[in-house]
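Enquirer: Provided below are the primary sequence and the corresponding predicted coordinates.
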Amino acid sequence: MTFFRFSTLGAMVVLALGAVGQPRGTPVPEARDVAYAGVITLAVDASDVVRGIIRVNERIPVTAAGPVTLLYPEWLPGKHAPRGPINLLAGLEVRAGGALVEWRRDPVNVYAFHVDVPQGADALELTFQYVSPTQTNQGRIAVTREMLNLQWETVLLYPAGYYASRVRVAPSLTLPAGWKFAAALDGATTSGETTRFAETDLATLVDSPLFAGQHYRLVDLDPGAARPVRFHLFADRPDQFEANERELAPHRNLVQQAYRLFGSQHYDHYEFLFAASDRMGDIGLEHHRSNEIGVPGNYFTDWDGAASERDLLAHEYVHSWNGKFRRPADLWTPSYEVPMQGSLLWVYEGLTQYYGYVLAARSGLWSRDQTLQALALVAATYENRVGREWRSVADTTNDPILSARRPAPWRSWQRNEDYYSEGLLVWLDADTLIRQRSRGRRSLDDFARAFFGAQDGSWTPVTYTFDDVVAALNAVEPFDWAAFLHARIDEAPESPLGGVVRGGYRLVFKEERSEFQRDAEAHNRNADLLYSIGLSFADSGNVAQVQWDGPAFNQGITVGTQVVAVNGVSYGADGLRRAITGAKSGTAPIELLLKDGDQYRTVTIDYRGGLRYPHLERDTAAADLLGRILAPRPR
């Protein structure tokens, strides 16, 4: 270890600072649409699944001596934010001709590594490790003893100054003995435990993650199709993917209903990468020719109870059209150091959320009643989202950068990525309006087919702007769509439920949960009492949400508080429900014993409104447009 005297260290600090005391980084070359000379060789060894340490050897060709900047991917597609896990890169060594070469991390852009290529070198040889999380407080668990989820952007550095699509890579992967894998990458050839994939470009590689594991099942979702769609199932145990035809048929229907909606396929093949696991972390992430879906291990074994998980497959599949083929202009970037802007996430994610629900219904992943019950939960959330008073949907499109999906202490007031589900309600509003104005002759499906279905077979991204969306809506049904969208996205109408009402339904509250909500709470081991005492609970009585200015809020209860007892009896969700019901006709308030850290206190909630759970009730005076939206599309 080297120690510096104060004067030496002070001189180093001065050199690293500009004239006004700010760190000075070395400028990173701007990405250009030119080909990188040579092919990067990327060899990844993921066989150490006990420790979750992934070892990387990377050879990056160079053509001349002098400074080179290598970058770790920072701004990641689908995450809409600078979330590249640079903190998990370790042990970096750079060599040229077998000799160690010094690297310097940029003091401003910590994703950048500067290297001086020595005379005569034709390549830089890199070795490092990606030390994947071993506990959830370190990040998502992506490697277990039974399976792994490899995202290529976590295990590579790339040369600055080039579009990702113009950098060629030859990847290979070593897995534990006997493991199977699935990915959208082409040209796989396996020898022993190592698989080499066909040379591809960096953009395609990063967009082609891989699942692997001990226990694997392959299901063809579109038998005989010229463009195959496959369902790759990985699980902690083989019995967790022993699905029967009743359970697999809706997944096949999803493919066909998507084709009837969009009228196109923007891939040469598509791979559902699916993990049912209680050990690997959950995920839902879109890619052009695949997706990454991780759900609890009982997805199939508790088919009736796990319905709340099933729209995720539809959502991520829709993204192949909306988000990957058609992409907001300010979310398309040429490489992974260029910041993204999410001004149209209410289209990218909100419209995808809408069609995720719609296709879940049309395919049979959800029944019609389950879909209506799921929509009731969304409607109730945003009818009671008090943060709409001060913050627009448009402003929530900054949340991937602002909050990076960290839990919020007061979500109902702060809002958090509400462009997803309030965006769903905006698009339901648009769909029902088109149907009403056109007397049922046209719908939002016509917009989806025209806007996302063009250029069948192409998977070259085509960007769009707000004006493009407005023009396409006007081509379907002439209207002041710009004003319509601005009013709902940039402002905040008093109620976001215009589409529900026009669709022939009204939001009501009843004392009994819907079957969908009851099953979802049992599946997720939580309890939602937001519309009565203003609390929702995770397992064991820990408060997960507090409704701003609700009864519990006004007694000082916060997220993370544990409710130990209700009216002197140990906490249980059913017991609390009984207490709320009893207080409706009784005279005594509800008494809660709370634990915050090592402190206890008792509060009383004088609430008399009884249990309140959301439902959609049919308004027979209006046409059932929502029912028509959810109906399967014939061939």
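Expert: All right, it came through fine.
Enquirer: do you know how far Ala37 is from Val68?
Expert: Distance of Ala37 to Val68, given as C-beta to C-beta, to the nearest Å: 12 Å. (Glycine included, C-beta is placed from N, CA and C.)
Enquirer: that should have said Val44, apologies.
Expert: 22 Å.
Enquirer: looking at Ala37 and Val68, which one has more neighbours?
Expert: Val68 (21 against 12; other C-beta atoms under 10 Å).
Enquirer: hang on, the more buried one in a helix?
Expert: No: remark: Val68 does not belong to a helix; assigned using DSSP: H, G, I helix; E, B strand; the rest coil, it is strand.
Enquirer: could you check the pLDDT of the closest residue to it other than its chain neighbours?
Expert: Nearest residue to Val68, sequence neighbours excluded (C-beta to C-beta, 6 or more residues apart in numbering): Val115, at 5.0 Å. Val115 carries a pLDDT score of 98 in this model.
Enquirer: dump the helix or strand where Val115 lies to PDB, restricted to CA.
Expert: Using DSSP states H and E, the element containing Val115 is strand 112-117. Taking Å, rounded to 0.1, in the frame of the first residue of the first chain, the C-alpha atoms of strand 112-117 are listed here in PDB:
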ATOM      1  CA  ALA A 112     -15.300   5.800 -18.400                       C
ATOM      2  CA  PHE A 113     -11.900   4.200 -18.300                       C
ATOM      3  CA  HIS A 114      -9.000   5.900 -20.000                       C
ATOM      4  CA  VAL A 115      -6.100   3.800 -21.400                       C
ATOM      5  CA  ASP A 116      -3.000   4.800 -23.300                       C
ATOM      6  CA  VAL A 117      -2.400   2.200 -26.000                       C
END
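Enquirer: for it, packing partners?
Expert: Here strand 112-117 touches strand 66-71, strand 89-96, strand 99-101, strand 103-105, going by 3 or more C-beta pairs under 8 Å, 6 or more residues apart in numbering; DSSP states H and E.
Enquirer: pick the most buried one from these.
Expert: Mean neighbour count (mean count of other C-beta atoms under 10 Å) peaks for strand 66-71 among the helices and strands packed on strand 112-117, with a mean of 18.
Enquirer: so what strands line up beside that one?
Expert: Take DSSP bridges as the rule and strand 66-71 pairs in its sheet with strand 112-117 (antiparallel), strand 158-159 (antiparallel).
Enquirer: ok and the longest one relative to strand 89-96, angle-wise?
Expert: Same thing as strand 112-117. Strand 112-117 runs at 20 degrees relative to strand 89-96, counting by axes from the mean of the first three to the mean of the last three C-alpha atoms, to 10 degrees.
Enquirer: mind listing what's buried along strand 112-117?
Expert: Within strand 112-117, the residues scored as buried using 16 or more other C-beta atoms under 10 Å are 112-115, 117.
Enquirer: please enumerate the helices of the stretch 1-150 of the chain.
Expert: Using DSSP state H, counting those that start in this stretch, the helices of the stretch 1-150 of the chain run over residues 6-16.
Enquirer: so where is it shaky, pLDDT-wise?
Expert: Within the stretch 1-150 of the chain, the segments meeting pLDDT under 70 span 1-23.
Enquirer: convert the C-alpha atoms of stretch 380-395 to PDB, please.
Expert: Extracted C-alpha coordinates of stretch 380-395, given in PDB (Å, rounded to 0.1, in the frame of the first residue of the first chain):
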ATOM      1  CA  ALA A 380     -59.500   3.500  -7.600                       C
ATOM      2  CA  THR A 381     -55.800   4.200  -7.300                       C
ATOM      3  CA  TYR A 382     -55.900   7.200  -9.600                       C
ATOM      4  CA  GLU A 383     -59.300   8.500  -8.400                       C
ATOM      5  CA  ASN A 384     -57.600   8.700  -5.000                       C
ATOM      6  CA  ARG A 385     -54.100   9.700  -6.100                       C
ATOM      7  CA  VAL A 386     -53.900  13.000  -4.200                       C
ATOM      8  CA  GLY A 387     -50.600  13.800  -5.700                       C
ATOM      9  CA  ARG A 388     -52.400  14.600  -8.900                       C
ATOM     10  CA  GLU A 389     -53.200  18.000  -7.300                       C
ATOM     11  CA  TRP A 390     -49.600  19.200  -7.700                       C
ATOM     12  CA  ARG A 391     -47.800  16.800 -10.200                       C
ATOM     13  CA  SER A 392     -48.700  15.900 -13.700                       C
ATOM     14  CA  VAL A 393     -48.300  12.600 -15.500                       C
ATOM     15  CA  ALA A 394     -45.700  14.300 -17.700                       C
ATOM     16  CA  ASP A 395     -43.600  15.100 -14.700                       C
END
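Enquirer: show me the contact partners of that stretch.
Expert: With contact meaning C-beta atoms under 8 Å, 6 or more residues apart in numbering, stretch 380-395 is reached by 343, 346, 350, 411-415, 418-419, 421-423, 425-426, 488-492, 495-497, 507, 509, 530-531, 547-549, 614.
Enquirer: narrow those to those in strands?
Expert: Judged by DSSP state E, strands contain the following of the contacts of stretch 380-395: 507, 509, 614.
Enquirer: okay, those in TSV with neighbour count next?
Expert: Below are the ones in strands among the contacts of stretch 380-395 laid out as TSV (neighbours: other C-beta atoms under 10 Å):
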residue	neighbour count
Leu507	20
Phe509	15
Pro614	24
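Enquirer: closest to Ala621 among these?
Expert: Leu507 (15.8 Å; C-beta to C-beta).
Enquirer: residues in contact with that closest one?
Expert: 376, 379-380, 383, 497, 500, 614-617.
Enquirer: which stretches of the stretch 401-550 of the chain form strands?
Expert: With strands called from DSSP state E, counting those that start in this stretch, the stretch 401-550 of the chain shows them at 462-464, 505-510, 527-529, 535-537, 543-546.
Enquirer: which helices and strands does the fourth one pack with?
Expert: Counting contacts by 3+ C-beta pairs under 8 Å, 6+ apart, the secondary-structure elements packed against strand 535-537 are strand 527-529, strand 543-546.
Enquirer: who touches it?
Expert: Outside strand 535-537, the residues that reach it (C-beta under 8 Å, 6+ apart) are 526-530, 543-547, 550, 552, 557, 563, 573.
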